[in-house]
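**Q** coords please:
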Amino acid sequence: MAPHSHSHASLKASLRQAALGRRDALDPEVRRAGARAIADAVMRIDGLAEAPIVGGFWPIRSEVDPRPLMERLFARGQRVALPKVTPDGLVFREWRAGDALVRGGFGLSEPDDSLPPLDPTALIVPLAAYDTRGHRIGYGRGYYDQAIARLGRNGPVLTIGIAFSVQAVDEVPAESHDQPLDHLITEAGPVPLKRA
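**A** Residues are numbered from 1 along each chain as shown. Alright, predicted model coming up:
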């Protein structure tokens, strides 16, 4: 690893740890109310209603719970796919409310392997920290950056990061492979993004 990327990794790790500490400290009721407010705001994003398949995720630890949002997508007639971590990266498979999930690595709940893979044209993206340029710090394995790049080869992918406002940082040390998000939504509403 080059010294530059090592310093990026170490800075990202400390920003990630601090942001996750702030997120973990939020009261559970604040998190529940925040998830509902985030769902309201995401449903108003231009272009999301046109996505036939939306990639969601199942929450872990103190993440924003996207299930209220996924329920609204279902109610609007959209299909939802959830990711599975594989050696080749994230594979999305359709999920319907009430479908059983299987336990995956990293404490994740994932769709059953028997379901066919799907390629969403919109992604709800989890994150540990974000800045106002639309850059995110994930959990350090690059799965979403790879998935966005792969899905983007089929055509535009609408990317929507969801987080609590306490996860904001001044600046994410972005690298060439990092994919800035199209939208960032917190419980306070859309984050105005400053593009370089």
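
**Q** now stretch 31-47: buried residues?
**A** Neighbour counts over stretch 31-47 (16 or more other CB atoms under 10 Å) mark R31, G34, A35, A37, I38, A39, A41, V42, I45 as buried. (Glycine included, C-beta is placed from N, CA and C.)

**Q** how about the residues you listed in CSV, adding pLDDT and secondary structure?
**A** Shown next, in CSV, are the buried residues of stretch 31-47 (pLDDT from 0 to 100; DSSP: H, G, I helix; E, B strand; the rest coil):
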residue, pLDDT, secondary structure
R31, 96, helix
G34, 97, helix
A35, 97, helix
A37, 98, helix
I38, 98, helix
A39, 97, helix
A41, 98, helix
V42, 98, helix
I45, 97, coil
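
**Q** for those, which one is nearest A188?
**A** A188 lies nearest to A37 out of the buried residues of stretch 31-47, by CB to CB, at 7.9 Å.

**Q** not counting sequence-adjacent ones, nearest residue to the closest one?
**A** E187 (4.6 Å; CB to CB, 6 or more residues apart in numbering).

**Q** contacting residues for that neighbour?
**A** For E187, the contact set (CB atoms under 8 Å, 6 or more residues apart in numbering) comprises V30, A33, G34, A35, A37, I38, F164, S165.

**Q** could I get those residues in JSON lines, plus columns for distance to L181?
**A** Formatted as JSON lines, those follow (distance: CB to CB, whole Å):
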{"residue": "V30", "distance to L181": "23"}
{"residue": "A33", "distance to L181": "23"}
{"residue": "G34", "distance to L181": "18"}
{"residue": "A35", "distance to L181": "18"}
{"residue": "A37", "distance to L181": "18"}
{"residue": "I38", "distance to L181": "14"}
{"residue": "F164", "distance to L181": "15"}
{"residue": "S165", "distance to L181": "15"}
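
**Q** L193 touches I160, doesn't it?
**A** No - using CB atoms under 8 Å, L193 is not in contact with I160, being 11.6 Å away.

**Q** what is in contact with the two at once?
**A** With CB under 8 Å, 6+ apart as the test, L193 and I160 both reach L181, H183, L184.

**Q** can you pick the most crowded of these?
**A** L184 (26 neighbours; other CB atoms under 10 Å).

**Q** after the helix or strand where that residue lies, next one along is what?
**A** Secondary structure from DSSP states H and E places L184 in strand 183-186. On the C-terminal side of strand 183-186, the nearest following helix or strand under DSSP H and E is strand 189-190.

**Q** so what strands line up beside that following strand?
**A** strand 183-186 (antiparallel) (DSSP bridges).
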